[in-house]
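Trainee: Quick one: sequence and predicted model below, then my questions.
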Amino acid sequence: MPEAEGCFQCGAALTWDDRAIYMKMISRDARQFLCMDCLARGLGCTRQDLEKRVQYYRESGNCTLFR
């Protein structure tokens, strides 16, 4: 199954951070992804919450998805 080009809910173009946070929070084996806006809605948080989480993982250096 090929990787999706855009968000499977709204069709928005995906960044690496969109893909990485989806894999971290939902499934490392994902082939389709939600953009941060759609993921935030689904998780009941804000995009800013997810962006803070991305920054945390990037600064911690412990997760290879955010290096």
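Mentor: Received it, and whenever you're ready, just let me know what you need.
Trainee: going forward, measure contacts between C-alpha atoms and count neighbours the same way
Mentor: Fine.
Trainee: distance of Y56 from L50?
Mentor: Using CA to CA, to the nearest Å, Y56 is found at 10 Å from L50.
Trainee: Kindly apply the preceding question to R58 instead.
Mentor: 12 Å.
Trainee: swap in G6?
Mentor: Distance from G6 to L50, by CA to CA: 18 Å.
Trainee: Same question for R19.
Mentor: 12 Å.
Trainee: For the protein, which residues score under the pLDDT cut-off?
Mentor: Within the chain, the segments meeting pLDDT under 70 span 1-4.
Trainee: So which of G6 and L50 has more stuff around it?
Mentor: L50 (21 against 18; other CA atoms under 10 Å).
Trainee: what helix or strand does the more buried one sit in?
Mentor: L50 is part of helix 47-60, with elements assigned from DSSP states H and E.
Trainee: So for that helix, what gets flagged as buried?
Mentor: 47, 50-51, 54, 57 (16 or more other CA atoms under 10 Å).
Trainee: ok, now stretch 58-67?
Mentor: Here stretch 58-67 shows 65-66 as buried, counting by 16+ other CA under 10 Å.
Trainee: ok now that stretch, how far from the chain's centre?
Mentor: 14 Å (CA atoms, centre = their mean, to the nearest Å).
Trainee: what's the first-to-last distance across it?
Mentor: 6 Å.
Trainee: can you check stretch 55-67 too?
Mentor: Across stretch 55-67, first to last residue, CA to CA, it's 11 Å.
Trainee: so how far is it from its chain's centroid?
Mentor: That offset, for stretch 55-67, works out to 13 Å (CA atoms, centre = their mean).
Trainee: go on, stretch 7-21?
Mentor: 6 Å.
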